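[1] what's the 3D shape of this:
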Amino acid sequence: MKVGRPIKLTGHSVDVKQFENINTKEVAYFLGFLWADGSIYHRGYQYRIEIEIAKSDGVVLSELLSSIGRWNVQTRRRKVSKQPSMKFSCNNRFLYQFLYDTDYGYKSTKPPSKILEKIPTDLHHYFWRGYLDGDGCIYLTKKLGRVNGIRVNFWGTYRQDWTALRTLCASMNINVALYKYDRIIRGKHQRSSTIYILGSDGRKKLLDYIFQGEPIGLTRKMMKYQCFRDGQPQPMSEDSVPDAPPPM
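    You can find the predicted model right below:
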């Protein structure tokens, strides 16, 4: 794909060189989160990269994003949500081109194979942590006041290509199950697919891999993993609310 003439970089632009030679956990995490919960689009001389998430999560991730570059940050209250959201965006032709070339424009139907090839293997777990924080769900179960189980799944579009995640799990002898949903919820037609990680040993093995290294990312999901790992009581806060209902 060819794009138009170079645009003037704004004050909130991000240096694309750190993506062409990836060597930090922050960039690897960002690329995973963007694959899960971000978007890119090109319109005229606009080459937009955007992430819009709940404000509470945005506050947690703002320092990490600021370490990558300067972003335009906006807060608003969505009509369909009671919670305010925070949008991080930049207008950057060079970063857009890099992301487009690594399939971010087609991430609803393609696996993140091209971008994973550009990330050093020892940073892959940070990519998957970003992916988990964006599109993954962790649900804790308790018995006698202590955490005794965990459920982990990843959501995607109905036509999502789960090859990369399946390959990761297969490399660790972790079994998964794929479900596709085509249903009416609150009067709206919704189609989606989800991968469930099977077996308590498999879930622990995957989360041990994803959460190794430095504690970056969404605190609430990391705390759930730590509670499960250590068998601690589930924290009584808004973070204890499950990300998604358990499997049907």
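
[2] strands of this structure, residue ranges please.
    Taking DSSP state E as the criterion, the chain carries its strands at 38-43, 46-54, 72-77, 84-91, 136-143, 146-157, 176-185, 188-197.

[3] dump those to CSV, plus distance to Lys17 and mean pLDDT.
    Where you see a C-beta, it was placed from the backbone N, CA and C, and this is true even at glycine. Listed next are the strands of the chain as CSV, based on distance: least, CB to CB, whole Å; pLDDT from 0 to 100:
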stretch, distance to Lys17, mean pLDDT
strand 38-43, 18, 93
strand 46-54, 15, 93
strand 72-77, 20, 87
strand 84-91, 15, 92
strand 136-143, 29, 88
strand 146-157, 30, 89
strand 176-185, 36, 88
strand 188-197, 34, 89
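
[4] switch those strands over to a markdown table; also include distance to Asn23 and mean neighbour count.
    Output for those, formatted as a markdown table (distance: least, CB to CB, whole Å; neighbours: other CB atoms under 10 Å):
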| stretch | distance to Asn23 | mean neighbour count |
| --- | --- | --- |
| strand 38-43 | 21 | 15 |
| strand 46-54 | 20 | 18 |
| strand 72-77 | 26 | 12 |
| strand 84-91 | 21 | 18 |
| strand 136-143 | 25 | 17 |
| strand 146-157 | 26 | 18 |
| strand 176-185 | 30 | 12 |
| strand 188-197 | 29 | 15 |
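
[5] and those: which comes nearest Lys221?
    Closest to Lys221 of the strands of the chain is strand 136-143 (CB to CB; 5.5 Å).

[6] could you name the helices and strands sitting against the closest one?
    With contacts defined as 3 or more CB pairs under 8 Å, 6 or more residues apart in numbering; DSSP states H and E, strand 136-143 has these neighbours: strand 146-157, helix 219-230.

[7] and that strand with strand 146-157, angle?
    160 degrees (axes from the mean of the first three to the mean of the last three CA atoms, to 10 degrees).

[8] alpha carbons of strand 136-143, as CSV, please.
    This file holds the C-alpha atoms of strand 136-143, laid out as CSV (Å, rounded to 0.1, in the frame of the first residue of the first chain):
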residue,chain,number,x,y,z
GLY,A,136,-8.7,-11.3,27.8
CYS,A,137,-10.9,-12.1,30.9
ILE,A,138,-9.9,-13.5,34.2
TYR,A,139,-12.6,-14.8,36.6
LEU,A,140,-11.8,-16.0,40.1
THR,A,141,-13.7,-18.6,42.1
LYS,A,142,-13.6,-18.8,45.9
LYS,A,143,-14.3,-21.5,48.5
